[in-house]
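> this is the structure alone, sequence omitted:
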């Protein structure tokens, strides 16, 4: 006699045993507990190295219908067996095989990392030549193109001073959508020219007589040493310690020079006496 369970639960029945010789029947009551079968989820899908722009169809299977639960739906979640990605990050995705009349519920989980995409920068910005010691500003970056919306910015210390010449300076493209994309680093060639310098000369040259001697106190803001020249050596001369002496009266020009060096251009300032 075979017993085929048709539902989950406890079945109370009986077995009739007939003696083959005497024909006597013996009734034996029985109790059978029918349980659901366990099931396993088959999910061999490789979910490593996923990026925010990928299209992923989930393929876990089991004896019963499978759905998915995300530990952080702000990062990603499943809808109609498709992984919907919101941003980069780490989360756990659990496949759940539903309980049925015949099978127990089953689960299988995968720890998933969603990686941000680095967009392509087709054209890096350019920079017009700047002067030595000039502070870099974002508006100096001209042009530049990328495959997604965003902006270009310096990726270096803005107050960093480079010697005159041409330098490859670090810049960065910053995408507007930081949920999907990560910044891209690059360089731009920047020509740094020598800076102009200014001579400051506060000496007073009013009411001067031939008997006067004047200590010349002009200075360059860059601290470059000053040299002086008179327009007529027959009227005056200047000593090594920058003292102006007159030999006779007349109209005279005195010029203060700051020579060019590795960082600054030359400058000159002339005063009338």
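Thanks, I have the structure now. This structure is a prediction, so every number in the text was calculated from the model and none was measured.

> for residue 154, give me its contacts.
136, 138, 141, 169-172 (Cβ atoms under 8 Å, 6 or more residues apart in numbering). Using the backbone N, CA and C atoms, a C-beta is placed for each residue, glycine as well.

> the stretch 101-250 of the chain: helices as residue ranges?
In the stretch 101-250 of the chain, no helices are found when defined by DSSP state H, counting those that start in this stretch.

> what about the strands in it?
106-115, 121-123, 130-131, 145-146, 150-154, 165-175, 184-193, 199-200, 213-215, 219-220, 226-230, 236-238, 243-246 (DSSP state E, counting those that start in this stretch).

> CSV please, covering those strands and showing distance to residue 65 and mean pLDDT.
Output for these, formatted as CSV (distance: least, Cβ to Cβ, whole Å; pLDDT from 0 to 100):
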stretch, distance to residue 65, mean pLDDT
strand 106-115, 11, 97
strand 121-123, 45, 97
strand 130-131, 65, 94
strand 145-146, 43, 98
strand 150-154, 42, 96
strand 165-175, 39, 96
strand 184-193, 43, 96
strand 199-200, 86, 94
strand 213-215, 99, 93
strand 219-220, 84, 93
strand 226-230, 90, 95
strand 236-238, 101, 94
strand 243-246, 102, 94
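
> out of these, which gets nearest to residue 261?
strand 219-220 (10.1 Å; Cβ to Cβ).

> sorry, back to before: highest neighbour count among the contacts of residue 154?
Neighbour counts for those, by other Cβ atoms under 10 Å, peak at residue 171, which reaches 24 neighbours.

> so that residue versus residue 70, what's the distance?
Residue 171 is 37 Å from residue 70, where distance means Cβ to Cβ, to the nearest Å.

> now do residue 244
85 Å.

> got a list of what residue 95 touches?
Residue 95 neighbours (Cβ under 8 Å, 6+ apart): 41, 43, 58, 60, 62, 66-68, 107-110.

> out of the residues you listed, which are buried?
41, 43, 58, 60, 62, 66, 68, 108, 110 (16 or more other Cβ atoms under 10 Å).

> surely residue 167 touches residue 192?
Yes - using Cβ atoms under 8 Å, residue 167 is in contact with residue 192, at 6.5 Å.

> ok, the two, which is more surrounded?
Legend: neighbour count by other Cβ under 10 Å for residue 167 and residue 192, higher for residue 192 (21 against 14).

> check contacts around that one.
129-132, 134, 162-167.

> now these: which count as buried?
The buried subset of the contacts of residue 192 (16+ other Cβ under 10 Å) comprises 130, 132, 164.

> how far away is the second one from residue 190?
Which is residue 132. Distance from residue 132 to residue 190, by Cβ to Cβ: 12 Å.

> can you check the first one too?
Look at residue 130 and residue 190: by Cβ to Cβ, they are 7 Å apart.

> ok, the last one next?
Applying Cβ to Cβ, the value for residue 164 to residue 190 is 11 Å.

> my read is that residue 215 contacts residue 245, right?
No - with contact defined as Cβ under 8 Å, residue 215 does not count as touching residue 245 (10.8 Å).

> neighbour count winner among these two?
residue 245 (13 against 10).

> list the contacts for residue 209?
residue 246.

> same question for the one 4 residues further on.
Residues in contact with residue 213 (Cβ under 8 Å, 6+ apart) are 243-246.

> go on, residue 12?
Residue 12 neighbours (Cβ under 8 Å, 6+ apart): 29-31.

> if you rank these by neighbours, which is first?
Neighbour max across the contacts of residue 12 (other Cβ under 10 Å) = residue 30, 10 neighbours.

> hang on, that one is in a strand, isn't it?
Yes - the assignment for residue 30 is a strand, going by DSSP: H, G, I helix; E, B strand; the rest coil.

> isn't it up against residue 14?
Yes - between residue 30 and residue 14 there is a contact under Cβ under 8 Å: 6.3 Å.

> understood, closing this out.
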